[in-house]
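Q: Build me a structure from this.
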Amino acid sequence: MSAANRKVIQALVKTISKQVEHFNQTEVECLVRGFNGLLGEPAVPEHSSNGLDRGRFRSILLKWFGMTDDLIMDRVFRTFDKDNDGLITVKEWIEGLSVFLRGSMDEKIKYCFHVYDLNGDNYISREEMFQMLKDCFSRNPTEEDPDERVKDLVDITLKMMDRDHDGRLSFDDFEKAVREENLLLEAFGKCLPDTMSTETFQRHVFEEQPEQ
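A: Residues are numbered from 1 along each chain as shown. Now for the predicted structure:
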């Protein structure tokens, strides 16, 4: 790496370190280097046009975190891609990972709700629940109406989580239900890494990245 590029990256690391929680400056530098490796080119300031596209990001979710649900992976991408330009910049990458890997319960509740709110109207509707849960079941070809099981599950979930009984989940409904029963955090699909995946990914990024 040239001295000029090194200076640019050091300045970027210093800036991001002040803006992102849960990672220290050394870890941010490792994440920037890892991002370089994923792009195959040096990371540059976030207003640049380079970044992770949807396909490359989905490959990371599959390889490192075992995610396979197309809808959920697309929603995770949109949650990382805060400016909705179709690319995850280095800053968006590190900000997203800070919650994805090390977020507080408050941060994870907000993150999961955003993932599950498919149309961005600040509610998780019955239709959205159905869309996310229908892939959880393996379909029996002899079953006349396989969607009935999913509808039953949606009804059960609403009874558990819909506190104001309006047939949809507001953020307040979701938050209260998750705080009472943490297992409901990922009620509509796996959108956070498990402990083993988190540790493996962090070990790879923070301990195994070669110097550049």
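Q: Which strand or helix spans the most centrally placed residue in the chain?
A: Centre of the chain computed as the mean C-alpha position; nearest residue by CA atoms, centre = their mean is Val76, 3.9 Å away. Using DSSP states H and E, Val76 maps to helix 70-80.
Q: how about low-confidence regions in this protein?
A: 1-4, 41-49, 136-144, 208-212 (pLDDT under 70).
Q: repeat that with 50
A: 46-47, 212 (pLDDT under 50).
Q: Can you give me the domain boundaries for it?
A: As recorded under automatic domain parsing, the domains making up the chain are 3-68+81-103+194-207, 106-186.
Q: just to revisit the earlier point, report the buried residues of the helix holding Val76.
A: Buried residues in helix 70-80, counted by 16 or more other CB atoms under 10 Å: Leu71, Ile72, Met73, Arg75, Val76, Phe77, Arg78, Thr79, Phe80. The C-beta positions use only the backbone N, C-alpha and C, and glycine is treated the same way.
Q: Just the CA coordinates for that helix, please, in PDB.
A: The C-alpha trace of helix 70-80 is given here as PDB (Å, rounded to 0.1, in the frame of the first residue of the first chain):
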ATOM      1  CA  ASP A  70     -33.500 -14.500   0.200                       C
ATOM      2  CA  LEU A  71     -36.100 -12.100   1.600                       C
ATOM      3  CA  ILE A  72     -34.400 -11.800   5.000                       C
ATOM      4  CA  MET A  73     -30.900 -11.300   3.400                       C
ATOM      5  CA  ASP A  74     -32.400  -8.600   1.200                       C
ATOM      6  CA  ARG A  75     -33.800  -6.800   4.200                       C
ATOM      7  CA  VAL A  76     -30.500  -7.100   6.100                       C
ATOM      8  CA  PHE A  77     -28.800  -5.500   3.100                       C
ATOM      9  CA  ARG A  78     -31.300  -2.600   3.100                       C
ATOM     10  CA  THR A  79     -30.800  -2.200   6.800                       C
ATOM     11  CA  PHE A  80     -27.000  -1.800   6.400                       C
END
